[in-house]
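Colleague: I would like to see how this sequence folds:
(4 chains, ligands or ions: 4)
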Amino acid sequence: MSLVRPYGDTQDDGAVQLSFTLPIAWDEAADEAARQLVAKMGFSDVSVVEGRAISAGFSFFVVYARTLVAVDASTIRAPSATGAALSIEQVDELIARRVGRKLKVVGACIGTDAHTVGIDAILNMKGYKGDYGLERYRGFEVFNLGSQIAVEDLVRFARERDVDAILASQVVTQKGSDIANFTALAELLEAENAREGLLLIAGGPRVTNLLAAELGYDGGFGRGTLPRDVATFIARRISDRQPG
Amino acid sequence: MSLVRPYGDTQDDGAVQLSFTLPIAWDEAADEAARQLVAKMGFSDVSVVEGRAISAGFSFFVVYARTLVAVDASTIRAPSATGAALSIEQVDELIARRVGRKLKVVGACIGTDAHTVGIDAILNMKGYKGDYGLERYRGFEVFNLGSQIAVEDLVRFARERDVDAILASQVVTQKGSDIANFTALAELLEAENAREGLLLIAGGPRVTNLLAAELGYDGGFGRGTLPRDVATFIARRISDRQPG
Amino acid sequence: MELRIDREAVARARRLAGAIVDPVEDFIERHSTVSVERAVARLCGVDGVDGAGVPLANRLIDALPAREAGVARALGAAIAESGRTPQQVAAAVAAGEALPDPAGTPETALRAALRVHIDAGLARIDAARALRTALLARLPQGEPPLLYVIVASGNIYEDRTAAVAAAEGGAQIVAVIRSTAQSLLDYVPFGATTEGFGGTYATQENFRLMRAALDEASERLGRYVMLTNYASGLCMPEIAALAALERLDMLLNDSMYGILFRDINMQRTFVDQHFSRQLNARSGIVINTGEDNYLTTADAVEQAPAVLASQFVNEAFARRAGLPAAQMGLGDAYEIDPDLEDGFLLQVAQAQLTRQIFPDAPLKYMPPTKHMTGNIFKGHLIDAMFNLTSVMTHQTIHLCGMLTEAIHTPFLGDRALALENARYVMTTARHFGDEIEIKAGGRIELRARDVLSGAVRILDGVAQRGLMRAIEDGTFADIRRPRDGGRGYDGVFAKDAAYWNPFADALAGGAVPA
Amino acid sequence: MELRIDREAVARARRLAGAIVDPVEDFIERHSTVSVERAVARLCGVDGVDGAGVPLANRLIDALPAREAGVARALGAAIAESGRTPQQVAAAVAAGEALPDPAGTPETALRAALRVHIDAGLARIDAARALRTALLARLPQGEPPLLYVIVASGNIYEDRTAAVAAAEGGAQIVAVIRSTAQSLLDYVPFGATTEGFGGTYATQENFRLMRAALDEASERLGRYVMLTNYASGLCMPEIAALAALERLDMLLNDSMYGILFRDINMQRTFVDQHFSRQLNARSGIVINTGEDNYLTTADAVEQAPAVLASQFVNEAFARRAGLPAAQMGLGDAYEIDPDLEDGFLLQVAQAQLTRQIFPDAPLKYMPPTKHMTGNIFKGHLIDAMFNLTSVMTHQTIHLCGMLTEAIHTPFLGDRALALENARYVMTTARHFGDEIEIKAGGRIELRARDVLSGAVRILDGVAQRGLMRAIEDGTFADIRRPRDGGRGYDGVFAKDAAYWNPFADALAGGAVPA
Ligand code: B12
Ligand code: B12
Ligand SMILES: Cc1ncc(COP(=O)(O)O)c(C=O)c1O
Ligand SMILES: Cc1ncc(COP(=O)(O)O)c(C=O)c1O
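Modeller: Ligands and ions are numbered 1, 2, ... in the order given. Modelled structure (predicted):
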């Protein structure tokens, strides 16, 4: 057990900063409403350090308070899909040696999402933050379908080309659209019995590997992902599946 | 009943921003720990939008989440000590008419507090933000004892000079020192039977009128107080106590 | 603060931009599109949708026996025959009636029949403009940089709440972000809408609701709060028409955005932008161009010359449409990597360069977005440096950056913090830009020089190949678009000899009432 | 960026400051204080406390038969008599033994008896300095502005955690804020402490614990992280001595802070600051003066000339104590009302003026505090403008502002955000100050001129009346302090003819080993 609490300036002081807007005009009672609200959330030592009108019927608050809540950090597992990344040469060598052919990967922004910069960063030759994209690897054959790809089209493409991995990107998260689209993709693959033998990867700024696992994906990559993290992951996973 | 919840971009969405530090090294599991922690606090839709190492053993997080907690704004009362402020002339006229003599007020930073700027702002001729201090009023005789005044000395002074009002300031709040000092002052006055007929006023950036009332004060003034707010309050309160 | 810039290079860039757009203008002159025609119908009073939700304007244009002649002739003929109003004609078409062949009506008769509706349309535009002028005189808007915020809840009523709150909090311009990819719809949705996606549909009713709410707030606040929406897309001309009628004050209107960033056919876009800008000119609407898009999709340091080149092209097209400089809100954005050493210097260089090259244009300055992260504290600082750059270099239209840019479409509180940020920085450093000089031959000046010469190089290349060919080659934003590919190509057609567009004729002079 | 400043006015100010401090120096020369003597005892090796927690240094000085002759003679005599060490002598005194009358020991004998302890004391100081020099050569500290953060939990162990975390997060200097009003204690508390109030007690053991932790971090990080504490107060000389021994790198040390802001007697302060600064000079410790205090207690726009005048006075006193310019961390602060229009320009003017007037001094720039509120978002922005001013004007020691300044002593996370703020702004605008010029005759230059002439006016008035009289009259910070009032006055005494302070003698030349 290693209970972890927020740390202000002393172990276990539980210090947390909050801010929010309330749909009420500002006066001293509004500050008090904010205080009571945060106290009701279960915080103690609630200090409303800022409360002010931001418009006629809305007030904005900054609050510091303490929480007694703790989590047992020793039990929390969130294994990363990102391990010690290999170099391009190492990835290519691994694929050549264990798979013996190029791996076909298809990437797309699925659903209505048009934010291609992220998936392009992973796939395009140019890459991201000085790290070359998968197109640069000898070990990959890359298909980048671009933006707003219906999951049906993606699944059809994957089957027609017999790809080894699908890379789905979701940047817009409003109203849970990312979860809905990711789920639709996974379910369609299951429904079409196309899931087996396919590496299914999710990515986007709000994606975590844990979330991806919950959605039935093999791996999930979030903000700051570098192409080599993804390349290494694909190469290792598919190599591991090879007989011998 | 008018239940009030935090407002992000839609009525009752309950959106709240939090930030805190955890005393653990950063990795994906730390993000997950932060997520679980906030979920355990009772929030839903917890989104850890930023998590990063700020030093070897500490990580910092920014989180957005939703709360279901609401407060009934219609029942929250926090009557302000600040009402429609009078002008200097009006205050002086009110005192002259209803009391018929100068009101004696004594101010001090009590306990170990040395932050005199706030109480000086209220009392000194010069005032605050263009609003003259109580020394400028004909209706007040002002004694400003300055910083780090023991409550015993303040109470003795008040008795010796037979003052009408005590203005106590507390700026330092660390480890509850403000509450301790305010309480000590109120209790000493009670103990010495000196409370009656005396207007007892608390002030400081974390003071609210509600808090002051809880501590047995007649009024409390927080951040942004102007001298005229205080002058008006004293003049009105003491006038109201006059017979006829 | 003044950059010493190579005036000859600027003149050259402007000549090249003229040479680039002139052949396109010839093309534009000879063509029309379904959206241009729908705009004409709308300006004549056609409104509403059929039972299936299809706008009557669309039904009418789709029913034209010969669109090459334009809708005006058909409408005029129908009116002359039936004595109906344009709206009644459209409703009848939607109900299944066929339009009469205009050939059956003498040219003078059909023109005369439509006259009153044309004049009424123009009169509404002019009245809206006159009202804006009067309101601005009575309720002065305040000094630039004009603080511009977006609302984007998807629900026009929540947007209205947010817009009024923003106005009360200091916003001088409110933009209602359009539901995602509305630009790809070949019709304008109808009515008040509450279910947008990442934004709220641009509809005439939504325009009206918002303008009314902001008018009320303007009166209360004693300063006129402007309203903005998006034109670029498959319905540029119609949105321009509706915005004119509902007194929007600005419109996102870029001569190439749709082509590059939405894969809209280039011929369609060129024809549409021209007519939409003619309408903008008449209605006194300030256009906002979309150069920020080059910067969000590629490296901002590298793309600076492309931004400038695009500004010259937008300017040239705008001028051909009769827009005065005072209505050209040329775009730029603060998108350089915040961790780049001296990135701020590069931003100042570019912002000041733009300011000096387009001295009379109400420049539109877009905030950092791409490099914003979940770290709202750092994001707020990046926005502050953006605010500083804007006030130093006298940008006109200042889109306030949000500390939550990377997280969600703005919360009401985010907007308040963004306005506070801009107000603080622009007050404490109000005249800073006027009190300093840029070191001659220093990094800032050299950067500005490089950006300008880079832009000239791009324009030179485009002028040689022709704009359409250059776009096919991927000259802009590394994006290649075929001349006859992309969305909406089937909506482009060559005008025939009988073609008549009374509004285009009325607006052609670019003559703008005061 | 250069201000054209009136060099003659600067020279005049410097002459006036010299004229102001010279008579005070005469006074200083003829006086000593109990704290000076305790510092001498400590440097000779006296350490520890008695059963009641009273430091042996205090017990020893209180037991002196004639303090007018100084502790050194008494100590020398006792050693000569008894063969004890200074520590043993002090312990014996604390146990109740009386000190022998030094008159009983020949002058040469008592001096000779103390020699080895004096040399040992000086050697420890020099060794600490040499070690710092070696460490800095091996582990370069990085470029200025040097990021300075405070820790202030009250508990030295929590402070240590916070300091190491801050160092890892980029801090180049760590200050341990002293428990409130420690400056009013007429002794230095002892041992490791965990119960401070708004800060942590300055004790030798706390210094040691912190220096060890930062040394370890410095090695790990490959850059030397400096440590700072506070000297000004009733124990200035002793803190200077302990800091020298424990290799602190900087000390808050102001020639007038104690007088004005702590009601410490002025004679006491003047004598104490002189000896403490001699020690600082020898130990290579950079002083930080406290001009920020003028700005936190009164209006910052009005007080600017007072700040500059005080800097000249601090400089003059420092020079008389043998401090080279490279050790004069003259103070200034960014305290102008954030809502004042063009306040930023005034700040830039003042910061640049200070930079040019004291070109070789490692200026100490203090962050906004007074106008910080519970609005942490706005506070973070004010800190950003402060950071920008600092990097533009090449300040040296940069105290990072905290977004929670108005709320609590910094949380660990606050410090990380503050460092990130400074790093971001100072990177993106690294050479901005070098790439611009201040407009001749513009607002910035005029403000600088006004501040300088205001300072000259103040110094002129002080020079005419004499410094002590001027302070009595309330010239500085509107605060009046009587010459013989205030705390610690009874600890000041005139030296008699036999007075001996071997350290003062050794340091008098101001000769500082390399
Ligand atoms: C650039 C941008 C755009 C550009 C997109 C251009 C393009 N071709 O991609 C344009 C201007 C077109 C645009 C449009 C819109 N946008 Co936008 N946009 C952004 C912005 C500023 C940056 C996104 C970005 O490029 N980041 C940089 C890349 C490199 O990071 P990344 O995407 O996270 O990718 C990394 C990782 O996540 C990972 N990754 C991502 N995908 C994948 C996939 C796999 C398989 C793997 C392994 C890894 C991986 O690797 C990448 C490298 O590390 C963000 C705000 C922000 N700062 O995040 C808003 C933002 C994403 N947009 C938003 C919105 C609402 C829109 C619009 C709906 C607005 C509108 N009404 O028109 C439209 C519609 C777009 C649509 N249909 O999807 C919102 C989304 C809100 C939400 N949380 O739901 C944001 C957050 C802005 C905001 N605050 O409102 N946008
Ligand atoms: C200036 C200042 C100082 C000056 C004080 C000079 C002086 N003569 O007052 C100096 C430099 C000496 C100082 C010292 C210290 N300070 Co200090 N200081 C501040 C600072 C920057 C500003 C306070 C201020 O003057 N505000 C302006 C005035 C006008 O506002 P105000 O006090 O709120 O007063 C208004 C209202 O509250 C009200 N009001 C106030 N009192 C009263 C009384 C009555 C009767 C009424 C009606 C109204 C009223 O009216 C005023 C006008 O509107 C604050 C940070 C901040 N920005 O708040 C830290 C701060 C208050 N200080 C702090 C600390 C820790 C200290 C020290 C302990 C540090 C140290 N270890 O040495 C010392 C010790 C002081 C002591 N013994 O109390 C902390 C307190 C933390 C906490 N919450 O407990 C703060 C918050 C800084 C921080 N983040 O660490 N400080
Ligand atoms: C010029 C311009 N028009 C229109 C839009 C948006 O339209 P849509 O998202 O509907 O394509 C943008 C987006 O940033 C733009 O820059
Ligand atoms: C020069 C100087 N010395 C010392 C101090 C603090 O010492 P104390 O709070 O113990 O008086 C300050 C406070 O700001 C200062 O400016």
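Colleague: What is the neighbour count of the residue in chain A that chain D sits nearest to?
Modeller: Nearest residue of chain A to chain D, counting by Cβ to the nearest Cβ: A:V49, 3.1 Å away. (Each C-beta comes from the backbone N, C-alpha and C, glycine too.) Counted with other Cβ atoms under 10 Å in any protein chain shown, the neighbours of A:V49 add up to 22.
Colleague: Is it in contact with D:M372, as I believe?
Modeller: No: A:V49 sits out of contact with D:M372 when judged by Cβ atoms under 8 Å, with a separation of 10.7 Å.
Colleague: what's the overlap in contacts for those two?
Modeller: Common contact partners of A:V49 and D:M372 (Cβ atoms under 8 Å, 6 or more residues apart in numbering or on different chains): D:A406.
Colleague: Checking A:I201 next. Helix, strand or coil?
Modeller: For A:I201, the assignment made with DSSP: H, G, I helix; E, B strand; the rest coil gives strand.
Colleague: before we move on, the earlier item: the residue of chain A closest to chain D looks like it's in a helix, true?
Modeller: No: in this structure, A:V49 is strand, not part of a helix, as judged by three-state DSSP.
Colleague: Assign C:L114 to helix, strand or coil.
Modeller: When the structure is split into helix, strand and coil by three-state DSSP, C:L114 lands in helix.
Colleague: count of residues packed around it?
Modeller: Using other Cβ under 10 Å, C:L114 has 26 neighbouring residues.
Colleague: what's near enough to touch it?
Modeller: Contacts of C:L114 were listed using Cβ under 8 Å, 6+ apart, and they are C:44, C:72, C:75-76, C:79, C:86, C:502.
Colleague: Of these, which is the most crowded?
Modeller: Using other Cβ under 10 Å as the contact criterion, the top neighbour count among the contacts of C:L114 goes to C:L75, which has 32 neighbours.
Colleague: Look up the closest residue to that residue, ignoring the ones flanking it.
Modeller: Taking Cβ to Cβ, 6 or more residues apart in numbering or on different chains, and ignoring the residues beside it in sequence, C:L75 has C:P86 as its nearest neighbour in space, at 5.4 Å.
Colleague: again, but for C:R14
Modeller: Spatial nearest neighbour of C:R14, excluding adjacent residues (Cβ to Cβ, 6+ apart): C:F312 at 6.3 Å.
Colleague: isn't there a helix covering the one you found?
Modeller: Yes: if the criterion is three-state DSSP, then C:F312 is within a helix.
Colleague: list the contacts for it?
Modeller: C:F312 makes contacts with C:13-14, C:16-17, C:455, C:459, as judged by Cβ under 8 Å, 6+ apart.
Colleague: Between these, which sits nearest ligand 1?
Modeller: When these are compared for distance to ligand 1 (Cβ to the nearest ligand atom), C:A455 comes out closest, at 22.0 Å.
Colleague: what mean pLDDT would you report for the helix or strand harbouring that closest one?
Modeller: In this structure, C:A455 sits in helix C:443-465 according to DSSP states H and E. Average pLDDT, helix C:443-465: 98.
Colleague: quick one: buried residues of stretch C:218-237?
Modeller: Taking 16 or more other Cβ atoms under 10 Å in any protein chain shown as the basis for neighbour counts, the residues of stretch C:218-237 that come out buried are C:218, C:223-237.
Colleague: out of these, which touch ligand 3?
Modeller: Near ligand 3, taking Cβ under 6 Å from any ligand atom as the test, the members of the buried residues of stretch C:218-237 found are C:230, C:232-233.
Colleague: residues in contact with residue 33?
Modeller: In the absence of a named chain, this looks at chain A. Each residue near A:A33 by Cβ under 8 Å, 6+ apart is listed here: A:22, A:24, B:4, B:71, B:73, B:76.
Colleague: Correction: the question concerned chain C.
Modeller: Listed by Cβ under 8 Å, 6+ apart, the contact set of C:T33 reads C:237, C:268, C:271-272, C:488, C:491-493.
Colleague: Can you tell me which of these has the most neighbours?
Modeller: Of these, C:D272 is surrounded by the most neighbours, 35 neighbours in total, counting by other Cβ under 10 Å.
Colleague: Quick check: it touching C:I239?
Modeller: No: with contact defined as Cβ under 8 Å, C:D272 and C:I239 do not form a contacting pair (9.8 Å).
Colleague: Please tell me the pLDDT value assigned to the residue in chain A that ligand 4 sits nearest to.
Modeller: With Cβ to the nearest ligand atom as the measure, A:D9 is the residue of chain A nearest to ligand 4, at 18.6 Å. The pLDDT attached to A:D9 in the predicted structure is 94.
Colleague: quick check, it in a strand?
Modeller: No: secondary structure of A:D9 (three-state DSSP): coil, not part of a strand.
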